[in-house]
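Trainee: Have a look; sequence and predicted model below, questions after that.
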Amino acid sequence: MAHPSQLGFQDAASPVMEEMLHFHDHALMIIFLISTLVLYIIVAMVSTSLTNLYTLDSQEVEIIWTILPAIILIMIALPSLRILYLMDEINDPHLTIKVIGHQWYWSYEYTDYDDLTFDSYMIPTQDLTPGQFRLLETDHRMVVPMESPIRVLITAEDVLHSWAVPALGVKMDAVPGRLNQTTFIVARPGIYYGQCSEICGANHSFMPIVIEAVPLQHFENWSSLMLEDA
């Protein structure tokens, strides 16, 4: 989760988020180099004789400032297209979960199991126990097995919502009457927090998301207990 005075993104917990962090650093360095070059040219034109007629009308300069941006765009486009492909590719998911956004809570349906469904509400501040996080904890967590491809089908019952978990690189709109899908793989066990990222009404900030990634055996034990309670 995020920490006070934190700079940068949360630590990546999925392969896609790791790729997104690498691409962010890659693009940031290109932006830094462009800004440095433009600043140098501006200073040089103000303080030297680069503003003479021969420099401004130079054919070589026009060729450079036409070809160089094209090369920069290619350097940014190729890795970004690769990441977009990785985010959209869904191959043989081990588990499918349907997420339904409501005003103002989430419902989860494990479609590979019979009757494994539950609602997830935010825990009120007065009911929090020591160690729990205000506005982020829920009464029921979405439990998934780690190192397994998880497909998430996302929709909404009333208004627009957005199911987002930054550490996993997941953010997908929940649209009434439409079924969107995304996928992720949790690389390590842990608890990952997210929130609705679409302004959906008065209690928009009170519908958090909590994903608990556990080993497969623990997930099977949890699913058995949930089915027994149902």
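Mentor: Happy to help now that I have it.
Trainee: What residues sit buried inside stretch 84-95?
Mentor: Within stretch 84-95, the residues scored as buried using 16 or more other CB atoms under 10 Å are Met87, Pro93, Leu95. (Glycine included, C-beta is placed from N, CA and C.)
Trainee: Enumerate every residue touching the most centrally placed residue in the chain.
Mentor: The centre of the chain sits closest to Gly169, judged by CA atoms, centre = their mean, with a distance of 2.9 Å. Contact analysis of Gly169 by CB atoms under 8 Å, 6 or more residues apart in numbering lists Ala12, Ser14, Val16, Met17, Met20, Met87, Phe184.
Trainee: what do you get if the cut-off is 7 Å, keeping everything else the same?
Mentor: Listed by CB atoms under 7 Å, 6 or more residues apart in numbering, the contact partners of Gly169 are Ser14, Val16, Met17, Met20, Phe184.
Trainee: Identify, from the buried residues of stretch 84-95, the entry nearest to Arg188.
Mentor: Distance to Arg188 across the buried residues of stretch 84-95 (CB to CB) is lowest for Leu95, with 17.2 Å.
Trainee: before we move on, back to that, so for the buried residues of stretch 84-95, which is the shakiest by pLDDT?
Mentor: Minimum pLDDT for the buried residues of stretch 84-95 is recorded at Met87 (84).
Trainee: Which positions within the strand or helix carrying it qualify as buried?
Mentor: If you go by DSSP states H and E, Met87 is part of helix 59-88. Of the residues in helix 59-88, Met87 count as buried by neighbour count, 16+ other CB under 10 Å.
Trainee: ok, now stretch 2-22?
Mentor: Gln10, Ala12, Ala13, Ser14, Val16, Met17, Glu19, Met20, Leu21.
Trainee: Alright, that wraps it up for me.
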